[in-house]
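Student: I would like the atomic coordinates for the input below:
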Amino acid sequence: MSAALKIDQFSLMDDSECDARIAAAKAILGKRLAILGHHYQRNEVFKHADFTGDSLKLSQLAADSDAEFIVFCGVHFMAEVADILTFGQRNVILPDLAAGCSMADMANLVKVKKCWEEISQLLDPDEHVTPVTYINSAADLKAFCGSHGGIVCTSSNARAVLEWSFARREKILFFPDQHLGRNTGLKMGIPLEQMVTWDFMKPRGGLTDEQIRNARMILWKGFCSVHQMFQPAHIDNFRKNTPNGLVISHPENAYEVCQKSDFVGSTEYILRTVRASEPGTQWLVGTELNLVNRLADEMKPRGVNVQFMSPTVCMCSTMFRTDPQHLAWVLDNIVSGNVVNRIRVREDVADPARKALNLMLEVVD
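Tutor: Numbering: from 1, shown residues only. The predicted structure follows:
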């Protein structure tokens, strides 16, 4: 084992040299290595992935993999889930530790515990409220859910998870993304007035006692900065210019955007739906730019037109932090016998978080 290579040695490398180093490292490491690439990852990195998908799919692939080194080209919470599901028995590596998630950061353990305590001033939350966290959250929030009879959800299984939750307790505390909670609740027939928004910057969420008591869903005031960019007016303009076009949106979009869309679903759902369309179909897609651009390139030869919903560029800036330079750096270190940027979740956090994650997998199996 030699001294660990510094990222400074790679920062100024051009992409072509990084590509060569990445290819060489993959050849040397073989099956000892698995590179996971999230759909929102930039193309320069995405092309090197051995497996691609959404966060849960990739974490499950990590759990099923025999690879010694799992390099997760995504963001921090995704690598945490991979470490939890592999029981810390793999080297899960995040190329850039600064690759976080602004939505996940909107809900932290201190704020959620305070919310739980304030709700307890009116009712016993452990008896009446199921905490449900979107997978886009830190490991300690998944552990909080696991310790309070709660569960994790994804954008594709949110309805099944909420149905399970309501079968056990009459209320749900849903964090960190209010929009996924609201859009899923509406599909289940829950009126908007029974879904209140908890503003974590205000005492008792800015809600009255009556609002809390009457709510079926208490939605955390969090959101995805990318999906917040999409507006109903974008859909109106598309329909004006493309009367027969179809609109498909991710459920992290605002209620008003999803209501105007023809289809609403997860990234995997969006890919399946658009790929199944007939030649001549024209789509407006409301999700992250890298995914939409790749899908547009894929579908163009088949006569399917795919457009990005926003007139301004909006990609996941934290996902964008993972570049060929960081990927080459972590791989060259592995070849040299060094593991850098390994993500480890303490077992006292991982155990209850794993409980909430496994419960989700059981519910949607």
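Student: go through the protein and flag its longest helix.
Tutor: What stands out as the longest helix in the chain, according to DSSP state H, is helix 347-363.
Student: low-confidence ranges, this structure, go.
Tutor: Scanning the chain for pLDDT under 70 picks out the ranges 1, 313-315, 317.
Student: quick check: domain ranges of it?
Tutor: 7-100+318-345, 104-225, 227-308 (automatic domain parsing).
Student: just the endpoints, please. Distance across the second one?
Tutor: Okay, so that is domain 104-225. From its first residue to its last, domain 104-225 covers 11 Å (Cα to Cα, to the nearest Å).
Student: and for the shortest one?
Tutor: End-to-end distance of domain 227-308: 12 Å, with Cα to Cα as the criterion.
Student: do stretch 114-130 as well
Tutor: 16 Å.
Student: all strands for this structure, in order.
Tutor: Secondary structure of the chain, counting by DSSP state E: strands at 33-38, 51-53, 69-73, 91-93, 129-134, 151-153, 171-175, 195-198, 217-220, 246-249, 263-264, 282-286, 305-308.
Student: and these as CSV, adding distance to R21?
Tutor: Using the backbone N, CA and C atoms, a C-beta is placed for each residue, glycine as well. Shown next, in CSV, are these (distance: least, Cβ to Cβ, whole Å):
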stretch, distance to R21
strand 33-38, 13
strand 51-53, 21
strand 69-73, 13
strand 91-93, 16
strand 129-134, 36
strand 151-153, 36
strand 171-175, 40
strand 195-198, 47
strand 217-220, 42
strand 246-249, 38
strand 263-264, 41
strand 282-286, 34
strand 305-308, 32
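Student: quick one: closest of those strands to Q121.
Tutor: Nearest of the strands of the chain to Q121, taken as Cβ to Cβ: strand 129-134 at 12.8 Å.
Student: and the closest one, what other elements does it pack with?
Tutor: helix 109-119, helix 139-147, strand 151-153, helix 158-166, strand 171-175 (3 or more Cβ pairs under 8 Å, 6 or more residues apart in numbering; DSSP states H and E).
Student: okay, now the sheet partners of the third one, with direction.
Tutor: Taking DSSP bridges as the criterion, strand 151-153 forms sheet pairs with strand 129-134 (parallel).
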